[in-house]
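J.: sequence and computational prediction follow.
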Amino acid sequence: MKTLLCALPLLWILQAKAQTNADSIQSRKNMGTVYFYKGKMVKPKQLLEIMEPNPAAFTKMKRAKTNFDVGTVFGFAGGFAIGWSIGSLISRNEMDWRFVGAGAGLIGISIPFSIGYNKRTTKAVKLYNGAFYCSRQVLFSLIFIVRQARLDWQLNFSLTGNAAF
């Protein structure tokens, strides 16, 4: 009986934590930052859709998505220019160094956009997750009651805020 009474609150805490983490956005560093929502990897466009109900996070994510798009265009163009030069070196044994320089410059331009995307997305995710956790608070109260010759205790839980886990 004592084991059951000790294990019950622990199971409840684990269940509550599992419910709250399912709807949050997690990030993992892996050759860049990768974001997961409900266990699935999400792209920037999907992150934007997920954050739409939270205005502060949505605004940050819109700016991050703009940085992502611009950085992707510059990075792709730079990679194409360098790849074209390497392809011409392989096929014709001559390299156009102007293309290599232009490609390197375009890739260099894309780097600040990539850094801006990562910083803004991280801030947007923190805003989204912070609002998610702050809107759901569980209040605990432990009351000891003295009755005749014994001491009883009562543990009360109350949920405040948005109760939709």
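T.: Yep, it's here.

J.: tell me the gap between the helix or strand that contains I90 and the middle of its chain.
T.: I90 belongs to helix 55-92 when assigned by DSSP states H and E. For helix 55-92, the separation from the chain centroid amounts to 22 Å (computed by C-alpha atoms, centre = their mean, to the nearest Å).

J.: report the buried residues of it.
T.: Along helix 55-92, the positions that meet the burial threshold by neighbour count (16 or more other C-beta atoms under 10 Å) are 57-58, 60-61, 64-65, 67-68, 70-71, 74-75, 77-78, 81-82, 85. C-beta here means a position set from N, CA and C on the backbone, and glycine is covered the same way.

J.: helix, strand or coil for V34?
T.: Three-state assignment for V34 (DSSP: H, G, I helix; E, B strand; the rest coil): strand.

J.: wait, doesn't it sit right on K40?
T.: No. Here V34 lies out of contact with K40, judged by C-beta atoms under 8 Å, at a distance of 11.0 Å.

J.: so E52 belongs to a helix, correct?
T.: No. E52: not assigned to a helix; according to three-state DSSP it is coil.

J.: how near is Q46 to S85?
T.: Here the distance between Q46 and S85 works out to 35 Å (C-beta to C-beta, to the nearest Å).

J.: one step back: other SSEs contacting the helix holding I90?
T.: Helix 55-92 is packed against helix 44-50, helix 97-134, with contacts defined by 3 or more C-beta pairs under 8 Å, 6 or more residues apart in numbering; DSSP states H and E.

J.: okay, now the unreliable bits of this protein?
T.: Counting by pLDDT under 70, the chain contains low-confidence residues at 1-22, 132-142, 144, 153, 155-165.

J.: hmm, 50 instead?
T.: 1, 4-8, 10-11, 14-19, 135, 162-165 (pLDDT under 50).

J.: okay, V34 and K40: which has more neighbours?
T.: When neighbours are counted by other C-beta atoms under 10 Å, V34 comes out ahead of the other of V34 and K40, with 13 against 8.

J.: distance of the residue lying closest to that one once chain neighbours are set aside relative to N129?
T.: In space, and not counting its chain neighbours, V34 is closest to R28: 5.1 Å by C-beta to C-beta, 6 or more residues apart in numbering. As defined by C-beta to C-beta, R28 lies at a distance of 14 Å from N129.

J.: look at the two and report which has more neighbours.
T.: N129 (19 against 10).

J.: ok, that one touching S24?
T.: Yes. With contacts counted by C-beta under 8 Å, N129 reaches S24, the gap being 4.7 Å.

J.: excluding its backbone neighbours, what's nearest S85?
T.: If you skip the residues right next to it in sequence, S85 has F99 as its closest partner in space, 4.4 Å away by C-beta to C-beta, 6+ apart.
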